[in-house]
Every structure is written in structure tokens, then in C-alpha cells.
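Peer 1: Could you look at this predicted model? Sequence included:
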Amino acid sequence: MHIVSDFTRNVQEEEDWIMLADGCRLAIRIWRPVDAESDPVPAILEYLPYRKRDLTAIRDAQTHAYWAGHGYAGVRVDMRGSGESDGVLTDEYLQQELDDGVEILQWLGKQPWCTGNVGMIGISWGGFNGLQIAALQPPELKAVITLCSTDDRYADDVHHMGGCLLGDNLSWASTMFDANTCPPDPQLVGERWREMWMERLEHSGLWLATWLQHQRRDDYWKHGSVCEDFSRIRCPVYAVSGWADGYCNAVFRLLAGLDVPRKGLVGPWSHKYPHLGVPGPAIGFLQESLRWWDYWLKGQETGIMDEPMLRVWMQDSVPPSARYEERPGRWIAEPSWPSPHIEPQHFRLTSGHDLLPVPQGQRRLYLTTIRLLLFVRRYQ
């Protein structure tokens, strides 16, 4: 344990274990005010398979220490089968993962340094399981920030999009195959490290084989797709993404589908936390998230829920490029979503490479003509 002075309160960092009901031990890293046992604080949980001791160590130390310095316990847990936690990780978003998450929340709520109020935050995998665990309605979970995630595992994820199999399906399987071959740190788990490592090598499996067995929207993909029943989520949700990220469409679906206090934010970034956002401009997202947590976990009036429901970076047109450091534009806002200020318009391509509006009266005739041509060609 070491202590640092950060913002409003002195912070201590420590590593600990959570013992689950089935005997599985999860590795946990905590940043919290040094006086939290005498003055308890809410907890903010980030629950990932990405090895808190190396892969996300630098990022975790920046984000969770910041919240701890403002009166929270920042908590990073390696899920079952990853990092120094016991077990084997055999797929993403398994019911076991979500049940473990509920147990983690229960454990946090009972700690003497916690008020019992817990929020969940995460980007990508952690954004997914934050929504999925919220749908289980654990009483300790009071609010969620989900970044670069999706509500629909089949139609809008790395596996399939619009019914099409994506190349990301292969690359993502390769990434997790590689991650599962990494051993736990002997400094924490002791002499068991080799036994744990060999168990993972032998039993993690080839995830790609499982994914390719489900080429249609079946129960496998419906599991963990919160769009199947938005009403199951009953806590406030802040949905965040960027135009350069593959998950930006989910922000708008969550705003339209959820019936809870909610906000949306879409910037110019890629698959990044907005305070690390590239392409820029990045924003002070740690400060923004603090306003959200102060409101929902501490009951402080920060004004965040008086602001527009959706804020979006409206990008200016720029020449094509393989990479942008910055995207020029401006912030715009909508008080609600779907927006009453937006109307769909229909255009058609022309031989001059232009887009022309399709008059309402011609639209049906135009589509019928295409169908007729396809019918004739099929039976020629």
C-alpha cells in the first residue's frame, strides 16, 4: 500500500481479494481516501478481463486515483480467469461473468469504507457488462457510465453487423486467444502461478469456433443484448462513444430505448476514453464523469441533469486521410432523443455522381421498378 496526496483527499492504493460463494478468488485493486473507514464513500467499479497489473495499469492509476481524490473508492477487478483471478475465461459475457459481477457489487456494498452506493464504468467489454449487470437490477448499483459498447451483440458488434460476418470476428478472437495465454503474476498468487497458467492454456478454448457456430440471431447473441428488453435496466445510464468508434450507433438506440434518466455523448474520438480521445479534441471526461457520480452516488446537485440529453461533436468536412489528429467542428446539443428537430430525407444517385431528392410521389414507383428488374433478371 502507498499513499498519495490527490485533490481534495489523501488516497491510498491497495490490492486485495474477493472470495466468491463458489470459492473462486478474484483479484482487486482499490484506490480510496485514507479516512474512508471513518468517513465512508461510494465505490466506482470497472470490471474487465484485461489484467490490472499490466495491460490497463497506467490508465487505471490515472482514472481511479482521480475519483478517489474526490471522495470515492475506485475499484478495478480482474474477472474470473484473467489476471491474477482464479478460474478460466472461456467466452465473453457468460452468465457466470454477470453473476460474479453481482457478487462483487454485494461485496463492495458491505465494506466498512463504502456507503453502499456503487456505480459501474467501462469502455468496450466493461461498457457491455455494465449494461448487462444493470439489467439484473442489483440493489447496490445506482448508476452506469457505458463507453464504446453496444446494446445488440448480433447486429452491432465485432462479430456481425447487419447480418454480415465481420473481419473483426477473427482479429478479436486472436486478441483474446493471445490474452488467455498470459500467466498470473507470481508476486500475488505465489507458487500457484504455473498451475493456474497451465489450466488456462488447456481449457480457455478457441472462442472463434463458438462464434462461427452462431451465424444467425439466436439465443447465444440475445444473451447480453440489453436491447431485447430495455425495461430491465432501471438505473441511470450515461452512454458515450465517438464517431471514429464502431459503437457510436448504440448511444442513440440507448437514449431512444431506455426509460430511465439518461444522457448521451458522441465526440470525434475512436475507441478511447474521451480524456484520452484521438482524433481530438479530447475533453475533461474525468471531470464530466465526476459530475455524474456526485449527482447519482452522493446526491449532490451538479446541474448535469439540467443539461441537454445528447451532446454531439458536429464534424466539419475534411479531405480523406488514413489518420486524423484533430477533427474540426463544433458541439451541438439536443434536449431529447429522438429529436423533434430531425426529419428523414430520401435521395437517389444520379449518373453525374450527385444526390438528388426523391419526390414523395415517385419513391414507390422507383422501388417497384427495381424489384421488377430483379424479378426479370432472375427468371431469364
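Peer 2: Yep, it's here.
Peer 1: how about the helices of the protein, start to end?
Peer 2: With helices called from DSSP state H, the chain shows them at 57-69, 95-110, 125-134, 168-179, 186-189, 193-203, 207-212, 219-222, 248-257, 285-298, 360-378.
Peer 1: nearest to residue 11, of these?
Peer 2: helix 57-69 (4.4 Å; CB to CB). Just so you know, the C-beta spots here come from the backbone N, C-alpha and C atoms, and that holds for glycine as well.
Peer 1: if we can go back for a sec, right, and the helices of the chain - which one's nearest residue 318?
Peer 2: Evaluated with CB to CB, the helices of the chain place helix 248-257 nearest to residue 318, the distance being 17.7 Å.
Peer 1: Let me know the average pLDDT across that closest one.
Peer 2: For helix 248-257, the mean per-residue pLDDT is 98.
Peer 1: Could you name the helices and strands sitting against that helix?
Peer 2: If you count contacts as 3 or more CB pairs under 8 Å, 6 or more residues apart in numbering; DSSP states H and E, helix 248-257 packs onto strand 237-242, strand 262-267, strand 310-315.
Peer 1: Could you rerun that using 7 Å?
Peer 2: In terms of contacts (3 or more CB pairs under 7 Å, 6 or more residues apart in numbering; DSSP states H and E), helix 248-257 is packed against strand 237-242, strand 262-267.
Peer 1: Just put those in CSV and tack on mean neighbour count and distance to residue 319.
Peer 2: Shown next, in CSV, are the helices and strands packed on helix 248-257 (neighbours: other CB atoms under 10 Å; distance: least, CB to CB, whole Å):
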stretch, mean neighbour count, distance to residue 319
strand 237-242, 26, 20
strand 262-267, 23, 21
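Peer 1: Output those in TSV; the columns should cover mean pLDDT.
Peer 2: Formatted as TSV, the helices and strands packed on helix 248-257 follow (pLDDT from 0 to 100):
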stretch	mean pLDDT
strand 237-242	98
strand 262-267	98
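Peer 1: Among the helices of the chain, show the one with the smallest mean pLDDT.
Peer 2: helix 360-378 (a mean of 47).
Peer 1: excluding its backbone neighbours, what's nearest residue 210?
Peer 2: Once flanking residues are discounted, residue 210 sits nearest to residue 91: 6.1 Å by CB to CB, 6 or more residues apart in numbering.
Peer 1: isn't residue 145 right up against residue 290?
Peer 2: No: in this structure, residue 145 is not within contact of residue 290 by CB atoms under 7 Å, at 10.8 Å.
Peer 1: phi, psi of residue 322?
Peer 2: When read as degrees, to the nearest 10, the backbone of residue 322 gives phi -70, psi -20.
Peer 1: How much space separates it from residue 279?
Peer 2: In this view, residue 322 and residue 279 are 12 Å apart by CB to CB, to the nearest Å.
Peer 1: More neighbours: those two, which one.
Peer 2: Higher neighbour count among residue 322 and residue 279: residue 279, with 23 against 4, using other CB atoms under 10 Å.
Peer 1: count of residues packed around the residue lying closest to that one once chain neighbours are set aside?
Peer 2: Once flanking residues are discounted, residue 279 sits nearest to residue 324: 4.1 Å by CB to CB, 6+ apart. Neighbour count of residue 324, defined by other CB under 10 Å: 17.
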